[in-house]
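S.K.: give me a 3D structure for the following:
(2 chains)
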Amino acid sequence: MTKRKGLVLLLVTGGVIGVAAIVLMVMGNPPNMGICVACFIRDTAGALGLDSAANVQYIRPEIIGFILGAFALSLGRGEFRPSGGSSPILRFIIAFFVMVGALVFLGCPLRMVLRLAAGDLNALVGLVGFTAGIGLGSVFLSKGFSLGRAIQQPKAAGFVMPAIAAALLVFLLVRPAFILFSEEGPGAAHAPVLVALIAGLAVGALAQRSRMCMAGGIRDVMLIQNFNLLLGYAAVFAVALVGNLIIGNFNLGFEGQPIAHTNFVWNFLGMALVGYGSTLIGGCPLRQVIMTGEGNTDAGISVLGMLLGAATAHNFGLAASPAGVPVNGQIAVVTGFVVLTAVALANTKILKGAKVKA
Amino acid sequence: MSVEMIDARGLSCPEPVLLTKQALKSNARGGFKVAVSSATARDNVAALLESKDFLPAIEEKQDEWIITVPQK
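M.R.: Here you go, the predicted structure:
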């Protein structure tokens, strides 16, 4: 892929995400949450009955679309390569805390950019924290941090997450009694299924092709002085900003922002934990979801870790709300930093055998 | 002189790129190979090399790619 083509693809992906986020919000998704990978995994956990938060239960077709879109395109392009085995359980626990951090901030890195594009300055605090967390992860990476090598996996292993996505789509359409759907709150706010699914498929395919990654954008600037991924990020912001101005959803300030709180410290630390963890597992929540479609079973484990993290965050009262961050959530974020740092320290410099003579 | 092979197979982003960058430090004029096993790593390593004015040759081998960094 030429440099120019890669850049164009990233800008197109960012632009499409920006448009999709605004359209989905206008058509029913929660405010400033046209797309939020963390929130949508959380809503899916709720719909499956993994937690008992009544207002965040909905199988989000966007997530299904991300996985299946990436799956279809990677299959078609010969990039579907089932692989895995790079410290799955460590990835699971890191991803768990990435979700806890995201639910303390109230959004994944993608929603952070969308919130910022709607004038929510709490997201700017989040962005500073996110950058700091990525910086911390990058220090370990530059010192040789690695979770070890993934190896080829049986073809069937790569089909598991796409199959789960397909099963979720069936549950969403059939609506069996054991699947829960919110009657009020963010879980009840959603765009029509078909629109959300098509948007998800388009974003999934484009993100697979362009390797769009929110954490990778900042990380690449820090580690290899490459600004490409960051431009994809900038495109999301620019397009969503214009969209918000057009529909009158731009309100600059800290107070009164939808599905957000104004606590500086925990907005910063929540997103720092997301940036830190995302850097250690090689990608933000969006990228993890996309990689599951490419047959990456380690990313599949990460997504399942996020699913459990979301359910736990609601079962244990860790998740923030517009009222603020509960003490349990604060304890969980601090615990997350301790756990991630222990994992990072224990896995730095294990790559001594990387260089071999051919 | 033997050609050095950097084995970046199975490593997560951005480790293949970091290993390549490290290799360029000790072999500033190129003359080594990098083995990767994902399309993402292939593209990212190639992009790094192109940004340093190398013209890498990429060869697909079963489930991996061998990226040759020519001697400058």
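S.K.: list phi and psi for the closest residue to chain B within the stretch 101-250 of chain A.
M.R.: Taking CB to the nearest CB, chain B has its nearest neighbour within the stretch 101-250 of chain A at residue A:149, 3.3 Å off. The C-beta positions use only the backbone N, C-alpha and C, and glycine is treated the same way. Here is the backbone geometry of residue A:149 (degrees, to the nearest 10): phi -80, psi 140.
S.K.: any idea how far it is from residue A:64?
M.R.: 30 Å (CB to CB, to the nearest Å).
S.K.: so residue A:196 is in contact with residue A:190, correct?
M.R.: Yes: counting by CB atoms under 8 Å, residue A:196 sits close enough to residue A:190 to count as a contact (6.8 Å).
S.K.: who touches both of those two?
M.R.: Shared contacts of residue A:196 and residue A:190 (CB atoms under 8 Å, 6 or more residues apart in numbering or on different chains): A:29, A:60.
S.K.: out of these two, which sits in the more crowded spot?
M.R.: A count of neighbours by other CB atoms under 10 Å in any protein chain shown puts residue A:196 above the other of residue A:196 and residue A:190, at 27 against 24.
S.K.: which strand or helix spans that one?
M.R.: Under the criterion of DSSP states H and E, residue A:196 resides in helix A:193-210.
S.K.: and that helix, what does it pack onto?
M.R.: Counting by 3 or more CB pairs under 8 Å, 6 or more residues apart in numbering or on different chains; DSSP states H and E, the packing neighbours recorded for helix A:193-210 are helix A:3-26, helix A:61-76, helix A:155-174, helix A:285-293.
S.K.: tell me what angle the helix or strand that that helix is followed by forms with helix A:3-26.
M.R.: Proceeding N to C from helix A:193-210, the next assigned helix or strand is helix A:214-224, under DSSP H and E. Here the directions of helix A:214-224 and helix A:3-26 differ by 150 degrees (axes from the mean of the first three to the mean of the last three CA atoms, to 10 degrees).
S.K.: can you give the contact residues for helix A:214-224?
M.R.: Applying CB under 8 Å, 6+ apart, the contact partners of helix A:214-224 are A:108-110, A:112-113, A:130-131, A:134-135, A:137-138, A:141-142, A:226-233, A:274-275, A:278-279, A:283-284, A:286-287, B:13-14, B:17-18, B:21, B:48.
S.K.: now the buried members of these.
M.R.: By neighbour count, with 16 or more other CB atoms under 10 Å in any protein chain shown, the contacts of helix A:214-224 hold A:108-110, A:112-113, A:130-131, A:134-135, A:137-138, A:141, A:226, A:228-230, A:232-233, A:274-275, A:278-279, A:283-284, A:286-287, B:13-14, B:17-18, B:21, B:48 as buried.
S.K.: restricted to strands, list the residues you listed.
M.R.: Applying DSSP state E to the buried ones among the contacts of helix A:214-224, no entry is found in strands.
S.K.: circling back: quick check: pLDDT value at the residue of the stretch 101-250 of chain A closest to chain B.
M.R.: With respect to pLDDT, residue A:149 scores 96.
S.K.: cool, the one 10 residues further on as well?
M.R.: Predicted confidence (pLDDT) for residue A:159: 98.
S.K.: ok, it - contacts?
M.R.: Listed by CB under 8 Å, 6+ apart, the contact set of residue A:159 reads A:82, A:295.
S.K.: what about it, distance to residue A:290?
M.R.: On the measure of CB to CB, residue A:159 and residue A:290 end up 16 Å apart.
S.K.: how many other residues sit next to the residue nearest to residue A:200 when sequence neighbours are not counted?
M.R.: Spatially, and ignoring its direct neighbours in sequence, residue A:200 is nearest to residue A:65 (1.9 Å; CB to CB, 6 or more residues apart in numbering or on different chains). Using other CB under 10 Å, residue A:65 has 23 other residues around it.
S.K.: can you check residue A:157 too?
M.R.: Counted with other CB under 10 Å, the neighbours of residue A:157 add up to 17.
S.K.: list the contacts of it.
M.R.: Contact partners of residue A:157, counting by CB under 8 Å, 6+ apart, are A:82, A:84, A:295, A:297.
S.K.: got a winner among those for most neighbours?
M.R.: Neighbour counts for the contacts of residue A:157, by other CB under 10 Å, peak at residue A:295, which reaches 28 neighbours.
S.K.: touching, that one and residue A:82? I think so.
M.R.: Yes: at 3.9 Å, residue A:295 counts as touching residue A:82 under the criterion of CB under 8 Å.
S.K.: now do the shared contacts for the two.
M.R.: The contact sets of residue A:295 and residue A:82 overlap at A:153, A:157, A:158, A:159 (CB under 8 Å, 6+ apart).
S.K.: for the first one, which non-adjacent residue is closest in space?
M.R.: Closest residue in space to residue A:153, ignoring its immediate chain neighbours: residue A:82 at 4.2 Å, by CB to CB, 6+ apart.
S.K.: residue numbers of the stretch 1-150 of chain A in contact with chain B?
M.R.: A:1, A:3, A:6, A:77, A:79, A:81, A:83, A:85-86, A:141-142, A:146-150 (CB under 8 Å from any CB of the partner chain).
S.K.: now which of the residues you listed would you call buried?
M.R.: So, by 16+ other CB under 10 Å, the buried ones in the residues of the stretch 1-150 of chain A next to chain B are A:6, A:79, A:81, A:83, A:85, A:86, A:141, A:146, A:147, A:148, A:149, A:150.
S.K.: pipe these into JSON lines and attach secondary structure per row.
M.R.: Formatted as JSON lines, those follow (DSSP: H, G, I helix; E, B strand; the rest coil):
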{"residue": "A:6", "secondary structure": "helix"}
{"residue": "A:79", "secondary structure": "coil"}
{"residue": "A:81", "secondary structure": "coil"}
{"residue": "A:83", "secondary structure": "strand"}
{"residue": "A:85", "secondary structure": "coil"}
{"residue": "A:86", "secondary structure": "coil"}
{"residue": "A:141", "secondary structure": "helix"}
{"residue": "A:146", "secondary structure": "coil"}
{"residue": "A:147", "secondary structure": "coil"}
{"residue": "A:148", "secondary structure": "coil"}
{"residue": "A:149", "secondary structure": "coil"}
{"residue": "A:150", "secondary structure": "coil"}
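S.K.: so, low pLDDT: which residues of the chain?
M.R.: This is for chain A. Residues of chain A meeting the criterion pLDDT under 70: A:1-2, A:350-358.
S.K.: that's the wrong chain, I wanted chain B
M.R.: The model of chain B has pLDDT under 70 over residues B:1-3.
S.K.: so the residue positioned nearest the centre of chain B: helix, strand or coil?
M.R.: The centroid of chain B falls nearest to residue B:34 when counting by CA atoms, centre = their mean (3.5 Å). Secondary structure assignment for residue B:34 (three-state DSSP): strand.
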